[in-house]
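Visitor: Give me a model of this one.
(chains A and B)
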Amino acid sequence: AQKVTQAQTEISVVEKEDVTLDCVYETRDTTYYLFWYKQPPSGELVFLIRRNSFDEQNEISGRYSWNFQKSTSSFNFTITASQVVDSAVYFCALTKYTGANSKLTFGKGITLSVRP
Amino acid sequence: NAGVTQTPKFRILKIGQSMTLQCTQDMNHNYMYWYRQDPGMGLKLIYYSVGAGITDKGEVPNGYNVSRSTTEDFPLRLELAAPSQTSVYFCASSYDTGRETQYFGPGTRLLVL
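Guide: The predicted model follows:
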């Protein structure tokens, strides 16, 4: 069975602080994909990143960076110089590489509040 | 492209009533999904479809039904609404399952009183 744990439920920071959102996963599959989604106050789910289990290189996109470590089964998300617009709920998710039964398993989400 | 669209955005139902949540995607995706989101609980899969005419249960299918007659549409039917079905419902689609990214609709907020 797959499981995604986002132990932090709520994080509050002041604008321009760096913040890291943790994601720990469990899976018996050797090949899998990990995702991060953002849910702003407006409610829609916005795709941020997809990472496959073959590639452990860190990824940076502007102020966002992701650290994937298979050894610790973690896929952490860092926002550098946070802004008020980053306030949202962030979900980490996991799926098998392929196959009809490979469905997304979501964590419970982390609510990030960025104060001006 | 509109992506994934859902209607209605918000609905209040009385206990025992029925309704259909509509979902349409214009990306020619084979796979479509219905999730429900309860506060602090993440998203849970209700039903999914791997193509027209093929559907299967997810983690929490009780009280719901689906059909997939076309590639574009994947309606979710609630029969005999119950307060436990108060939730936000998201439809999503992807080209393939597994490795492909799922793209979500804006959600439908349902309140059962």
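
Visitor: can you pull the contacts of residue 15?
Guide: Going with chain A. A:S82, A:Q83, A:V84, A:V114, A:R115, A:P116 (Cβ atoms under 8 Å, 6 or more residues apart in numbering or on different chains). Placement of C-beta: from N, CA and C, glycine included.

Visitor: wrong one, chain B
Guide: By Cβ under 8 Å, 6+ apart, the residues touching B:I15 are B:A81, B:A82, B:P83, B:V112, B:L113.

Visitor: Sort out for me which of the contacts of A:E15 are in strands.
Guide: A:V114, A:R115 (DSSP state E).

Visitor: those strands in chain A, which residues are they?
Guide: Under DSSP E, chain A gives strands at A:3-5, A:10-14, A:19-21, A:24-26, A:32-39, A:46-52, A:59-61, A:64-69, A:74-79, A:88-96, A:105-106, A:110-115.

Visitor: what stretches of chain A score poorly on pLDDT?
Guide: Applying pLDDT under 70 to chain A flags residues A:97-102.

Visitor: Mind doing that once more with 80?
Guide: Scanning chain A for pLDDT under 80 picks out A:96-102.

Visitor: contacting residues around the residue nearest in space to the middle of chain B?
Guide: Per Cα atoms, centre = their mean, the C-alpha nearest to the average position across chain B is that of B:W34, at 2.9 Å. By Cβ under 8 Å, 6+ apart, B:W34 lies in contact with B:21, B:23, B:45-48, B:58, B:64, B:66, B:74, B:76, B:89-92.

Visitor: which residues touch the closest residue in space to A:Q6 that isn't next to it in sequence?
Guide: Distances taken as Cβ to Cβ, 6 or more residues apart in numbering or on different chains put A:G107 closest to A:Q6, at 3.7 Å, once the chain neighbours are dropped. Counting by Cβ under 8 Å, 6+ apart, A:G107 makes contact with A:V4, A:T5, A:Q6, A:C23, A:F91, A:C92, A:A93, B:G42.

Visitor: which of the residues you listed are buried?
Guide: The neighbour count (16 or more other Cβ atoms under 10 Å in any protein chain shown) marks A:V4, A:Q6, A:C23, A:F91, A:C92, A:A93, B:G42 as buried among the contacts of A:G107.

Visitor: what number of residues lie near residue 89?
Guide: Went with chain A since none was named. Applying other Cβ atoms under 10 Å in any protein chain shown, we find 21 residues neighbouring A:V89.

Visitor: nope, chain B
Guide: A total of 23 residues lie near B:Y89 under the criterion other Cβ under 10 Å.

Visitor: So it: helix, strand or coil?
Guide: The three-state label given to B:Y89 by DSSP: H, G, I helix; E, B strand; the rest coil is strand.

Visitor: From A:L21, how far out is it?
Guide: Look at B:Y89 and A:L21: by Cβ to Cβ, to the nearest Å, they are 25 Å apart.

Visitor: what residues are up against B:E59?
Guide: Under the criterion of Cβ under 8 Å, 6+ apart, the neighbours of B:E59 are B:K44, B:L45, B:I46.

Visitor: pretty sure the first one is touching B:P61, no?
Guide: No - using Cβ atoms under 8 Å, B:K44 makes no contact with B:P61, being 10.2 Å away.

Visitor: Name the nearest residue to A:E56, ignoring sequence neighbours.
Guide: A:F68 (5.3 Å).

Visitor: The one you found against A:L34, yeah?
Guide: Yes - with contact defined as Cβ under 8 Å, A:F68 reaches A:L34; the gap is 6.9 Å.
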